[in-house]
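> My questions are about this predicted structure, shown below with the sequence.
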Amino acid sequence: MEARAKGGRLSEEEELHTEESSSNRISSLPDDILHHILSLLPVGSTAQTSVLSRQWNHLWASLPILDFSDVKGGAVEFISKVLRHRHENSNLKVFRVKGYLSSSCLYSCIDRVVKYRVEELALDVSLTDKYFSGDAFGLPSLFKCDSLRSLTLATYKDPYYSPSIPKPHFGLLLSSNAVAKSGLHQLHTLSLTRVEFLDSALELDLFSASSLPSLEKLSMTNCKGITHLKITCPNIKDVHIIRMFLSSLDISGMRLENLEITHSFEVMVNGNRVKIFAPNLKTFWWQHNYCTEESFAPSFPILRACHLACFSKVVDVTMVKPTINLLCGSSQVQKLCIYDSYLRPLCIARIRLLTIHPPAFDPRKAESLNGLGSLMMMVFNKDVIPGLTCLFKSSPKLHTLSIYTMNAYLETYLPTWHNILLDDAGCTEEQFWESQAQILSHFLCHLKVVNIHDYSHRINENVIKFARFLLEHGRSLQEIILHSRHPSGKEKIGSVLEGFPRASAGVKISVALATRAKFPDACDTAKLNFFAF
């Protein structure tokens, strides 16, 4: 039997010894490696390892990362227990909580993690005893945490919460004086979501050199209580302002590289103002904001990508100046995405040039977009074509053009040029494009690739007419690709394009069947591709 055991498989004692050796080999790894392994497990599973041995209990009680984002029922007691049993001198790198907590529990958690010198703190919570917007919640101990590098505060949004019931914001009671004297001078990342500021006086001083001198990244989403936002942190690099309902915005940063302002000026109000000083800005994302009455955007000499988007169909003369200011401020851009709402003001400016002397605003005097190589435009309706020609004329080195169309019903809703001279003359799209051939000669000499993504309910005739114009006059044109969602009309479109005369003998025409995606999805995909460097 012993011989068979030696010559065959291992005995039970040997198997146990082998398993114990394997376990010891894992236990012999350095603590920082074991901490990393445990950090990959759910916090509940990690807690179970504490029963393995004293060493594993020590590891559990000194984990540098505590993530309670996936803890559900009974979480309050579990979180409190974990923090109570933590080793006295074990510092925390990351502490995250997501869900429902009482304010007393949250106060206790913050006091303890500050004691453990937390570096990254993320609180995505809904306070069970703070039911109404306006209920104050202060964080006195948090502002004494000189170890904090990253802070995320958000009101937890239950996925099963009824959208018909107003969701209270996280009522954050702050004092600008307290923040200025706080220990947050090492904070480099701050994210605030559904937070209500209850001290209106702080809005002038909170995001400044005296309060947050090391701040590099700032994100504010759907926050209340601040209508006049001023950001002057000397080290700021990335700013994202989303759904803030502002009346004025003042941003100044020599190191600012990426700026996004989305849904933050949704109502045209007299006195709305935007002031941006960012000479090193690389990407600028201005989306779904009404053009403000006063818009001051100086030159961005190294801007690489700019996105100007708005779905508003209402055009007013007051939009002309802000729009031209935005385009002038982006004159060095390499990639530009623009919606039709920003082309219509250029059409108005063009009309004013023809009817008013001297003109108040002359888009032709704006700096040329000499660095623009790639242009992406959303929607292609008849009334924006004159504004589009202004843009083409200012982009003599444009080599790649991408057009995304949607909502073909707008073609019947807006059947005219909205230009008294063109409408009275009965000018057709073909006639207009032909009249612009000489003016757009530099543009036509450099354009090489055209991508047309048609997501409308039927084929956009304006796009087909424009494609014909490019084929007839684009001497450097190499390729036109039409992405259509109409299987039945795919071959027909291809044959129509093939039948047009061409200025470039080597131009390639192809028609591809687009995926059945709605425009917002297509726009998001385009956004990722467009801003990928």
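Noted; the coordinates are in hand.
> Tell me where the stretch 251-400 of the chain has helices.
Ranges of helices in the stretch 251-400 of the chain, per DSSP state H, counting those that start in this stretch, are 320-329, 344-355, 385-393.
> By mean pLDDT, show me the worst of those helices.
When the helices of the stretch 251-400 of the chain are compared by mean pLDDT, helix 344-355 comes last with a mean of 56.
> Quick check: next helix or strand after the helix or strand of the chain with the lowest mean pLDDT?
Counting by mean pLDDT, DSSP states H and E, the chain has its least confident helix or strand at helix 409-413, which shows a mean of 44. Once helix 409-413 ends, the next helix or strand along the chain (criterion: DSSP states H and E) is helix 420-425.
> looking just at contacts, which helices and strands does that next one meet?
helix 344-355 (3 or more CB pairs under 8 Å, 6 or more residues apart in numbering; DSSP states H and E). In short, each C-beta sits where N, CA and C put it, glycine included.
> mind redoing it with 7 Å?
Here helix 420-425 touches no other helix or strand, going by 3 or more CB pairs under 7 Å, 6 or more residues apart in numbering; DSSP states H and E.
> Okay, buried residues for that helix please.
For helix 420-425, the buried set under the neighbour-count rule, 16 or more other CB atoms under 10 Å, comprises residue 422.
> Skip ahead from it and say which helix or strand is next.
helix 429-435.
> Using CSV, write out every CA atom in that next one.
Extracted in CSV, the C-alpha atoms of helix 429-435 (Å, rounded to 0.1, in the frame of the first residue of the first chain):
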residue,chain,number,x,y,z
GLU,A,429,-29.8,74.9,-54.5
GLU,A,430,-28.0,74.0,-57.7
GLN,A,431,-27.9,77.6,-58.9
PHE,A,432,-26.6,78.8,-55.5
TRP,A,433,-23.8,76.3,-55.4
GLU,A,434,-22.7,77.1,-58.9
SER,A,435,-22.6,80.8,-58.0
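> What are the buried residues along that helix?
429, 432-433.
> What of stretch 104-112?
For stretch 104-112, by 16+ other CB under 10 Å, it's 105-110, 112.
> Turn those residues into CSV, including pLDDT.
Formatted as CSV, the buried residues of stretch 104-112 follow (pLDDT from 0 to 100):
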residue, pLDDT
105, 83
106, 84
107, 84
108, 86
109, 87
110, 88
112, 89
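> between those, which is closest to residue 300?
Nearest to residue 300 among those is residue 110, at 39.8 Å by CB to CB.
> Beyond the host helix or strand of that closest one, next helix or strand please.
Using DSSP H and E, residue 110 maps to helix 103-115. Toward the C-terminal end, the helix or strand that comes next after helix 103-115 (DSSP H and E) is strand 120-127.
> what's the angle from that following strand to helix 103-115?
Note on geometry: by axes from the mean of the first three to the mean of the last three CA atoms, to 10 degrees, strand 120-127 and helix 103-115 are set 170 degrees apart in direction.
> CA atoms only: put strand 120-127 into CSV for me.
Only the C-alpha atoms of strand 120-127 are listed here, as CSV (Å, rounded to 0.1, in the frame of the first residue of the first chain):
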residue,chain,number,x,y,z
GLU,A,120,-9.7,59.7,-2.6
LEU,A,121,-13.2,60.1,-1.2
ALA,A,122,-16.4,59.4,-3.3
LEU,A,123,-19.8,59.9,-1.7
ASP,A,124,-22.8,59.1,-3.9
VAL,A,125,-25.5,59.1,-1.2
SER,A,126,-29.0,60.0,-0.5
LEU,A,127,-29.6,61.1,3.1
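> Other residues contacting it?
Strand 120-127 has contacts (CB atoms under 7 Å, 6 or more residues apart in numbering) with 93-103, 106, 113, 137, 148-156.
> what about that strand, average pLDDT?
The average pLDDT within strand 120-127 is 88.
> and if you look at stretch 187-207?
pLDDT averaged over stretch 187-207 gives 77.
> Can you get me the start-to-end distance on that stretch?
In stretch 187-207, first residue to last residue: 12 Å (CA to CA, to the nearest Å).
> May I see the buried residues of it?
Across stretch 187-207, burial judged by 16+ other CB under 10 Å covers 187-199, 202-203, 205-207.
> In the stretch 401-533 of the chain, where is pLDDT below threshold?
The model of the stretch 401-533 of the chain has pLDDT under 70 over residues 406-415, 456-459, 486-491, 514-533.
> try it again with 50
Along the stretch 401-533 of the chain, segments meeting pLDDT under 50 span 408-413, 517-523, 528, 530-531, 533.
> Would you tell me which one of the buried residues of helix 429-435 comes nearest to residue 282?
Nearest to residue 282 among these, with distances taken as CB to CB, is residue 433, at 34.4 Å.
> Would you agree that closest one is in contact with residue 470?
No. Assessed by CB atoms under 7 Å, residue 433 is found out of contact with residue 470, at 9.0 Å.
> Verify the stated contact: residue 402 with residue 376.
Yes. Counting by CB under 7 Å, residue 402 does reach residue 376; the two are 4.4 Å apart.
> Which one's more surrounded, these two?
Using other CB atoms under 10 Å, the more surrounded residue of residue 402 and residue 376 is residue 376, with 23 against 20.
> So what pairs up with the more buried one in the strands?
Note on residue 376: beta-bridge partners by DSSP bridges are residue 337, residue 402.
> do you know how far it is from residue 299?
The gap separating residue 376 from residue 299 is 22 Å, by CB to CB, to the nearest Å.
> Is it correct that residue 154 falls within a helix?
No. Secondary structure assignment (DSSP: H, G, I helix; E, B strand; the rest coil) places residue 154 in strand, not in a helix.
> Now for it, how many residues are close by?
As a burial measure, residue 154 scores 21 neighbours (other CB under 10 Å).
> repeat for residue 126
Residue 126: 20 surrounding residues under other CB under 10 Å.
> For it, which non-adjacent residue is closest in space?
Computed as CB to CB, 6 or more residues apart in numbering, the closest residue to residue 126 that is not its neighbour in sequence is residue 156, at 4.1 Å.
> Looks to me like residue 229 is in a strand.
Yes. The assignment for residue 229 by three-state DSSP puts it in a strand.
> Quick check: beta-bridge partners of it?
Here residue 229 sits in beta bridges with residue 249, as judged by DSSP bridges.
> Tell me if I'm right that it and residue 247 touch.
No. Using CB under 7 Å as the test, residue 229 is too far from residue 247 to be in contact (9.3 Å).
> Show me which of those two is the more surrounded one.
residue 229 (22 against 16).
> Okay, that one and residue 192: tell me how far apart.
From residue 229 to residue 192 the distance is 12 Å (CB to CB).
> same question, residue 386
Where residue 192 is concerned, residue 386 sits at a distance of 42 Å (CB to CB).
> The closest residue in space to residue 433 that isn't next to it in sequence: which element?
Nearest non-adjacent residue to residue 433, counting by CB to CB, 6+ apart: residue 469, 4.1 Å away. Residue 469 belongs to helix 461-473 when assigned by DSSP H and E.
> export whichever helix or strand comes after that helix as CSV, just CAs?
Past helix 461-473, further along toward the C-terminus, the next helix or strand under DSSP H and E is strand 479-484. The C-alpha trace of strand 479-484 is given here as CSV (Å, rounded to 0.1, in the frame of the first residue of the first chain):
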residue,chain,number,x,y,z
GLU,A,479,-13.3,59.8,-52.1
ILE,A,480,-17.0,60.3,-51.3
ILE,A,481,-18.6,57.8,-48.9
LEU,A,482,-22.4,57.8,-48.4
HIS,A,483,-23.6,55.9,-45.3
SER,A,484,-27.3,55.4,-45.8
